[in-house]
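*Asks:* just coords:
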Ligand SMILES: [Fe+2]
Ligand SMILES: [Fe+2]
């Protein structure tokens, strides 16, 4: 049997469990929070006062903070790219509406709230150029992404396990920073989003755990291949208006590193956490090739930590069209 067919069989086998994954890791629509719960209420007579207060507090947030928040928002807003990518993964069938496509739709419906909330906050804050942000968002969706997974479910679930944890870290740090600058409402918004990302991370990493039980060698090799090529960020193709594809990503990433929202050390930390979560060191019954992949994965965090220590992040903020420096502290 070809590798592709085995993967399809594994996905079909696990499909029987998708309903329980949905119950365990996603929240019923009537119960889950909505963006409006954390934003000024436009039906209230106090609406204008609430906005005034939001804008006053927003004046204390520094330049790199805004850039990191804008980049995070745009990454969330590119959700159409992620949904269409996942719908195309081997074993996911949107036409037959199988269990996996149900998972993808419900996951998407939860994720969609993140961009909604952050976008509305940014709009109300008055500190950013919304039109430039909208152009970048449209570019990013139009450019799509290539995360190096192909249609392989094993690689895709490695990617989503990693990425959901990375977004947890990033939203959680923005939340902590907002709090330290006295913006408790924004801190709460980002905390709620971070909570969703953590649940999603737990779900995707559980899918990988399940696959490790059925097809350990191929799962190990897929994990190693993803890490060998490095996990590219979903907004890797980020650009500003009038600029070339990918030209904005490094500068955005530098802002996020400088202010401590997401750093090279976090990348290493996530990898280490995944190794522990999947008990990579103790998985048995591996082929020779998978044993080598395991060795590689166990040694990788220490190797990457050394590289990340040598990494130099530029001291000065790059000025984006998204955020006018004169409007920011
Ligand atoms: Fe999200
Ligand atoms: Fe997410």
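*Replies:* Received, thanks. No experiment lies behind these values; they were computed from the predicted model shown. Ligands and ions are numbered 1, 2, ... in the order given.
*Asks:* grab the nearest non-local neighbour of residue 323.
*Replies:* Excluding its sequence neighbours, the residue lying closest to residue 323 (Cβ to Cβ, 6 or more residues apart in numbering) is residue 66, at 4.5 Å. For glycine as for every other residue, the C-beta is placed from the backbone atoms N, C-alpha and C.
*Asks:* shouldn't that neighbour be in contact with residue 128?
*Replies:* Yes - counting by Cβ atoms under 8 Å, residue 66 touches residue 128, with 6.0 Å between them.
*Asks:* find residues that contact each of these two.
*Replies:* 322, 323 (Cβ atoms under 8 Å, 6 or more residues apart in numbering).
*Asks:* check the gap between residue 32 and residue 195 for me.
*Replies:* The gap separating residue 32 from residue 195 is 10 Å, by Cβ to Cβ, to the nearest Å.
*Asks:* same deal with residue 277?
*Replies:* 18 Å.
*Asks:* for residue 1, same thing?
*Replies:* For residue 1 relative to residue 195 (Cβ to Cβ), the value is 41 Å.
*Asks:* the two - which one has more neighbours?
*Replies:* Taking other Cβ atoms under 10 Å, residue 1 and residue 195 do not tie; residue 195 has more neighbours (16 against 7).
*Asks:* show me what whatever helix or strand that one lives in is packed against.
*Replies:* Element membership for residue 195, per DSSP states H and E: helix 184-214. For helix 184-214, the packing partners by 3 or more Cβ pairs under 8 Å, 6 or more residues apart in numbering; DSSP states H and E come out as helix 3-15, helix 18-25, helix 47-58, helix 99-125, helix 153-180, helix 216-228, helix 264-277.
*Asks:* tell me which residues are up against stretch 50-66.
*Replies:* So stretch 50-66 is contacted by 40-41, 44, 121, 124-128, 174, 177-178, 181-183, 185-186, 255-256, 258-259, 317, 322-323, 325, 328-329 (Cβ under 8 Å, 6+ apart).
*Asks:* buried stuff in that stretch?
*Replies:* By 16 or more other Cβ atoms under 10 Å, the buried positions in stretch 50-66 come out as 50, 51, 54, 57, 58, 61, 63, 64, 65, 66.
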